[in-house]
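In: Sequence and predicted model, in that order:
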Amino acid sequence: MSANIKRLKARIKSVDSTLHLTKAMQLVAAGKIRKATEQLQNSRRYCEAMQSVVTSLAKSKECADSLYVKGPDKEKGGKTVLIVIAGDRGLAGGYNANAFRLADTVGADEIIPIGRRSIDRVVNHYGEKLSDSGSFPTEGFKPEDSKALAEKLCKRYLAGEIGTIKIVSTTYVSIMTQTAVLSTLLPLKDCVLPESIKTHGKKKPTAENEENVEQKPVGVMEFEPGPNAVLSVAVPEYLSSIIFGLVRESFASEIAARRVAMDAATKNGIVMKDNLSLEYNRARQGAITQEIVEIVAGAGR
């Protein structure tokens, strides 16, 4: 009986220690989430502006034959480069696992990991596919890092070494919902971006105002010195902004996922501690009752 009481007491102490950790991580995540979402909103606005410019250029007749638009010749091939954005730490629910599960379906020739967990996974499982273009942590990822990476990728793309550039990131929907998504960055004719970037700040037309939306004149962009010249300068900046924006989006998703996960862990820990305390009190009361019975029985003799 005494051994069981000691075991329960040790488990209660262990759970209590874990609760201190989960509560602390929950508070840290809650403190970071506001700043992370603010940075997310700013990056979404910039990405949307860059996308509108590059989309207008890609649709122009002058840029139809650009490698950025049509892509390299299929006969020459070209690698499929995949950028995988994950977290620097764990304990964030299914955040990292969802991104890795989606990345495994791509079948890329070369992988650029962003995030320490992403780096570890690529090194351990796809070491031969690890890119020479670099690997970066998520927290502390700077616009300079994104710009340098985009310039390297564009240079290799124009040389015909790369045929397609894809990226796996996590879209921040709400504090409770984050979704892993696969996007295509280049070539522009196959470009697919997350809805959070494409529709940011835009309301879908309703049945009442649909006619007004259709009749609204569409603005025309004019480019100097010319669409091709502007496109060659805009695409590296566009690629840099999208990569940096999706890193910000993924970081906000990681913080939100960790906050939710630590909140659930704290609640489960409190329930477990209460159950163990109840079991401990019952065992202790049983041991005291047994001792009293033994004393009474001994006195009766």
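Out: Sure thing, it's come through. Numbering: from 1, shown residues only.

In: all contacts plus neighbour counts: C-alpha atoms, from now on.
Out: Will do.

In: Run through the strands of the stretch 51-200 of the chain in chain order.
Out: With DSSP state E, counting those that start in this stretch as the criterion, the stretch 51-200 of the chain has strands at 79-85, 110-114, 162-172, 178-186.

In: ok, Lys114 - contacts?
Out: Rather than Lys, residue 114 is Ile. Applying Cα atoms under 8 Å, 6 or more residues apart in numbering to Ile114 gives the contacts Ile83, Val84, Ile85, Ala86, Gly87, Ser135, Phe136, Pro137, Thr138.

In: Using CSV, lay out those residues together with neighbour count.
Out: Output for the contacts of Ile114, formatted as CSV (neighbours: other Cα atoms under 10 Å):
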residue, neighbour count
Ile83, 23
Val84, 25
Ile85, 32
Ala86, 32
Gly87, 25
Ser135, 20
Phe136, 19
Pro137, 19
Thr138, 24
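
In: With respect to pLDDT, which of those ranks lowest?
Out: Within the set of the contacts of Ile114, pLDDT is lowest for Ser135 (81).

In: mind listing what that one touches?
Out: By Cα under 8 Å, 6+ apart, Ser135 lies in contact with Ile112, Pro113, Ile114, Gly115, Ile119.

In: Between the strands of the stretch 51-200 of the chain, which one is closest to Ala97.
Out: Smallest distance to Ala97 across the strands of the stretch 51-200 of the chain (Cα to Cα): 9.5 Å, for strand 178-186.

In: Are there helices or strands packed against that closest one, and which ones?
Out: Counting contacts by 3 or more Cα pairs under 8 Å, 6 or more residues apart in numbering; DSSP states H and E, strand 178-186 packs against helix 95-103, strand 162-172, helix 227-300.

In: Apply 6 Å and report the result again.
Out: strand 162-172 (3 or more Cα pairs under 6 Å, 6 or more residues apart in numbering; DSSP states H and E).

In: partners of the strand it packs on, with directions?
Out: strand 79-85 (parallel), strand 178-186 (antiparallel) (DSSP bridges).

In: who's in contact with that strand?
Out: 78-85, 156, 178-186, 250, 253 (Cα atoms under 6 Å, 6 or more residues apart in numbering).

In: Now the buried members of those residues.
Out: Buried residues within those, counting neighbours by 16 or more other Cα atoms under 10 Å: 78-85, 178, 180-186, 250, 253.

In: what comes up buried for stretch 25-45?
Out: Buried residues in stretch 25-45 (16+ other Cα under 10 Å): 25-26, 29-30, 33, 36-37, 39-41, 43-45.

In: closest to Pro225 among the residues you listed?
Out: Using Cα to Cα, the buried residues of stretch 25-45 come closest to Pro225 at Arg45, 25.9 Å.

In: hmm, back to that, tell me the one of the contacts of Ile114 nearest Leu102?
Out: Closest approach to Leu102 among those (Cα to Cα): Val84, at 9.5 Å.

In: Let me see the contact set for the closest one.
Out: Listed by Cα under 6 Å, 6+ apart, the contact set of Val84 reads Pro113, Ile167, Val168.

In: same deal with Ala108?
Out: Contacts of Ala108 by Cα under 6 Å, 6+ apart are Thr80, Val81, Leu82.

In: Now distance to Cys191 and pLDDT too, for the residues you listed, in CSV please.
Out: What follows is those, written out as CSV (distance: Cα to Cα, whole Å; pLDDT from 0 to 100):
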residue, distance to Cys191, pLDDT
Thr80, 14, 92
Val81, 14, 94
Leu82, 14, 95
